[in-house]
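Q: Kindly return the folded structure for what I paste below:
(chains A and B)
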Amino acid sequence: MAGFSIRPCGDFRTTYRQDTRIFDTTYIRNAAILGIFAVAMIPFVLDGYYVNLFIQISYFAIAALGLNILVGFTGQISLGHAAFFGFGAFASAWINNTTGIPVLLSIPLAGLMTAAVGMLFGLPAARIKGLYLAIATLAAQFILEDFFARAEWFTGGSYGAAANPVNVFGYEVLDDFSFFYVCLFFLVVMYLLGTNLMRTRDGRAFVAVRDHYLSAEIMGINLTKYRLMSFAISSFYAGVGGAMYGHYLGFVSAEGFTILLSIQFLGMIIIGGLGSVKGTLMGTVFMVLLPEVMETGVSALSVFEWANSTAVTDGLAYIKEMAIGLAIILFLIFEPDGLAHRWQQIRAYWKLYPFSY
Amino acid sequence: MAPAKGLGRHYRDGNMNFELLFQLLLNGLIVGTLYGVVAMCFVLIYKSTQIVNFAQGEFLLIGAWVCYAFLVEMHMPFWLGFLFTLLFMMAFGIVLQMVVLRPMIGEPIISVIMVTIGLSIFFQAATKWIFGATTATYPQVFETRSVNLLGMQIETAYIMSFVISLFIMAGFYWFFKYSKLGLAMRATAFDQQVAQSLGISVKTVFAMSWAISALVSGVAGIVIGMVNGVSSALSVIGIKVFPAVILGGLDSIIGAIVGGVIIGLLENTAEFVDGQYLHWGNLFSIAPFYVLIIILCIKPYGLFGTKDIERI
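A: Reported below is the predicted structural model:
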């Protein structure tokens, strides 16, 4: 996040330490903390529908952050993120069911397992890049989907796997209300880790690999190591997100992790902004809310005769899918830097409000 | 199953298996040439505009559905409906290139890939919405359903698809070898700036390569639609194209055909092995992707592709 925000007059940095703080200014840090508190109030203020939406946003946002580390920061394209998300969901349920390790611990363990699988499929990334890598990860998506349907010991085959609810020190988290706080905890921790990663040597190496891989290699960055590491971290995030998804639904079925979900993940980070941690969150919110808004829109339009026809009501699922595709295309054509950039422009506008030009 | 028993049964059915294998290989050849045709369209776009088209399968889908609409819903005779479909696909390709892909020139590769993926899900959902998610069949075009060839029953539609595929390949050969536009396209693929300085309109070439690709894919869609019926499953061909083009080399038209045929044969061989020995269920649909990963690890530029050398 460093370097993106507008600093107030007179706020100079005198040390490198100040230059790489997670939150650029004290104001932003306080605003972020206040924001977390405000979100924590949601279950008390709003009803179950919004709590459910938040839970969806949180597990997708964690997985999407992983994809953004891979695509936005390291420049490696992956079309198989949903498969890793699914693997995390199955892995966590499997660990918990077979070994009895508590769910809260099996979620990060599932992340580690997914990271290992991600590294396996990231191996071609040591040799290929760009388009070829995109196609290799597309193959990974199909191979893993096939694996989910086949490996009955692991996923329960076509019946799916049951996932136990989260258990925090003996207290079973059964309703949305308490699961909300589990999600909030994971979301904050994973996003802080993600932001922090970008201040470390490894994070800077990722960005160097993205910007010019040959120059990066000449500067002494081990390309193979960092590409694989990026795949591993990305899959770890996907695995954690997927595990939360599995334990939230209580049931994991092999059908849910198709290429369409992979595309939705890519849509989230493109709409939010490639290479922006904050943007990932914005993009996820956009992607999760888009179908909901479409549904509300269609039901609001149903006062008109034409919108009440069966073509519109029956085709709602297709209209939602079309909206996803259209949103990705329109963002790429008109706002390739995503919502994060748009947000920056809005802030800059209001900062200098009456005198901006 | 005990090994001795299995062996015995296998020995007894030896002749049957051979016939089945032969039938499947023939099937693979026919399907493979169709893959080759679609792969060729994919390579055409990649070679001339440097865009990887993830929406190639949707071109087939749209072509097949539009033809279906002309034939069944407007009751046109086949030749007229076919002709109108070709015109429609051509216009569709040009408009798509002008409206969506032209703004993407010079953007990073991830953006270009994502635009075509966005198009792919948009059109897939749109066709499902407009035409429904169920499989539709064309009216019968040929009187006889199958003919006898070398002692084997082959569906007429299969023979027709094979002939059409060969015809399209020959057409491509002629087009790029002798026609003015084809030569202009080759020049543009070779070096855009040089082509431009020789008076070739790169804009036209880009639009035309999308138009031709959409048109030929549409024909392939109609052909497959005649054999299997039209449904959204057609767009799977767009995914199957990737193993074919990677195997053949991304920028080689010959490679696309060879890759397509190999993938078609491989699929059917996998089905044979699976059905006879392994009984895994759906090996044939997943085998090309294992091959894809292996090729990318061993020989990423494929059999005929040019290796890019990067300099700082």
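
Q: name the element the closest residue to chain A within the stretch 101-250 of chain B belongs to?
A: Using C-beta to the nearest C-beta, the closest approach of the stretch 101-250 of chain B to chain A is made by residue B:122 at 3.2 Å. (C-beta placed from N, C-alpha, C; glycine too.) Using DSSP states H and E, residue B:122 falls within helix B:109-131.

Q: and the helix or strand just after that helix, how far out from the chain's middle?
A: Sequence-wise, the next helix or strand downstream of helix B:109-131 (DSSP H and E) is strand B:146-149. Using C-alpha atoms, centre = their mean, to the nearest Å, the distance from the centre of strand B:146-149 to the centre of the chain it belongs to is 25 Å.

Q: Would you agree the residue of the stretch 101-250 of chain B closest to chain A is in contact with residue A:320?
A: No - under the criterion of C-beta atoms under 8 Å, residue B:122 is not in contact with residue A:320, lying 11.6 Å apart.

Q: more crowded one of the two?
A: Legend: neighbour count by other C-beta atoms under 10 Å in any protein chain shown for residue B:122 and residue A:320, higher for residue B:122 (22 against 17).

Q: Apart from its chain neighbours, what residue comes closest to the more buried one?
A: Closest residue in space to residue B:122, ignoring its immediate chain neighbours: residue A:325 at 3.2 Å, by C-beta to C-beta, 6 or more residues apart in numbering or on different chains.

Q: Just list what the helix or strand where the one you found lies packs against, helices and strands only.
A: According to DSSP H and E, residue A:325 maps onto helix A:316-334. Contacts defined by 3 or more C-beta pairs under 8 Å, 6 or more residues apart in numbering or on different chains; DSSP states H and E place helix A:316-334 against helix A:259-272, helix A:277-301, helix B:109-131.

Q: which stretch among those comes nearest residue B:196?
A: helix B:109-131 (20.6 Å; C-beta to C-beta).

Q: What about the residue nearest to residue B:122, how many residues nearby?
A: Neighbours around residue A:325, by other C-beta under 10 Å: 24.

Q: Report pLDDT for it.
A: Residue A:325 carries a pLDDT value of 92.

Q: From residue B:158, how far out is it?
A: Residue A:325 sits 34 Å away from residue B:158, going by C-beta to C-beta, to the nearest Å.

Q: Check residue B:306 too.
A: Taking C-beta to C-beta, one finds residue B:306 at 34 Å from residue B:158.

Q: So for those two, which sits in the more crowded spot?
A: Under the neighbour definition other C-beta under 10 Å, residue B:306 and residue B:158 were set side by side, and residue B:158 has more, 21 against 11.

Q: Which residue comes closest to that one once chain neighbours are left out?
A: In space, residue B:158 is closest to residue B:30, 5.2 Å off (C-beta to C-beta, 6+ apart).

Q: quick one: the host helix or strand of residue B:205 near chain A?
A: Using DSSP H and E, residue B:205 sits in helix B:202-228. No - on the criterion C-beta under 8 Å from any C-beta of the partner chain, helix B:202-228 is out of touch with chain A, staying 15.5 Å away.

Q: tally of neighbours for residue B:229?
A: If you count neighbours by other C-beta under 10 Å, residue B:229 ends up with 16.

Q: can you check residue B:89 too?
A: 26.

Q: Tell me how far residue A:200 lies from residue A:22.
A: From residue A:200 over to residue A:22 the distance is 12 Å, taken as C-beta to C-beta.

Q: Could you check which of the two has the larger neighbour count?
A: For residue A:200 versus residue A:22, neighbours defined as other C-beta under 10 Å are more numerous around residue A:22 (15 against 11).

Q: Mean pLDDT per helix and strand in chain A: which one sits at the bottom?
A: The helix or strand of chain A with the poorest confidence is helix A:310-314; it has a mean of 69 (mean pLDDT, DSSP states H and E).

Q: How about the contacts made by the residue lying closest to residue A:312 once chain neighbours are set aside?
A: Closest residue to residue A:312 apart from its sequence neighbours, by C-beta to C-beta, 6+ apart: residue A:298 at 6.4 Å. Residue A:298 is in contact with A:307, A:312, A:313, A:316, A:319, counting by C-beta atoms under 8 Å, 6 or more residues apart in numbering or on different chains.

Q: Pull out the buried members of those residues.
A: Among the contacts of residue A:298, those classed as buried by neighbour count (16 or more other C-beta atoms under 10 Å in any protein chain shown) are A:312, A:319.

Q: Please render the contacts of residue A:298 as TSV that adds distance to residue A:277 to the earlier fields.
A: TSV is the format used below for the contacts of residue A:298 (distance: C-beta to C-beta, whole Å):
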residue	distance to residue A:277
A:307	39
A:312	38
A:313	39
A:316	33
A:319	31
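
Q: Closest one of the contacts of residue A:298 to residue A:92?
A: In terms of C-beta to C-beta, no member of the contacts of residue A:298 lies closer to residue A:92 than residue A:316, at 32.1 Å.

Q: Show the pLDDT at the residue nearest to that closest one when sequence neighbours are not counted.
A: Leaving aside its chain neighbours, residue A:316 sits nearest to residue A:298 (6.0 Å; criterion: C-beta to C-beta, 6+ apart). Note on residue A:298: pLDDT of 79.

Q: For residue A:298, give its distance to chain B.
A: For residue A:298, the distance to chain B equals 13 Å [C-beta to the nearest C-beta, to the nearest Å].

Q: interface residues of the stretch 1-150 of chain A facing chain B?
A: Proximity of the stretch 1-150 of chain A to chain B (C-beta under 8 Å from any C-beta) is limited to residues A:71, A:75, A:77, A:79, A:123-124, A:127-128, A:130-132, A:134-136, A:138-140, A:142-143, A:146, A:149-150.

Q: swap the cut-off to 7 Å and go again
A: A:71, A:77, A:124, A:127-128, A:130-132, A:134-136, A:138-139, A:142-143, A:146 (C-beta under 7 Å from any C-beta of the partner chain).

Q: Among these, which ones are in helices?
A: Secondary structure from DSSP state H places A:130, A:131, A:132, A:134, A:135, A:136, A:138, A:139, A:142, A:143, A:146 of the residues of the stretch 1-150 of chain A next to chain B in helices.

Q: Residue A:337: neighbouring residues, count only.
A: Residue A:337: 17 surrounding residues under other C-beta under 10 Å.

Q: Quick check: residue A:146 touching residue B:288?
A: No - assessed by C-beta atoms under 7 Å, residue A:146 is found out of contact with residue B:288, at 11.7 Å.

Q: Please list all residues in contact with the one residue in the stretch 101-250 of chain A that gets nearest to chain B.
A: As assessed by C-beta to the nearest C-beta, chain B sits closest to residue A:139 within the stretch 101-250 of chain A, at 4.0 Å. Residue A:139 makes contacts with B:289, B:292, B:293, as judged by C-beta atoms under 7 Å, 6 or more residues apart in numbering or on different chains.

Q: Mind pulling the model confidence for it?
A: Model confidence at residue A:139, given as pLDDT, is 90.

Q: Next: residue B:285.
A: pLDDT at residue B:285 comes out at 80.
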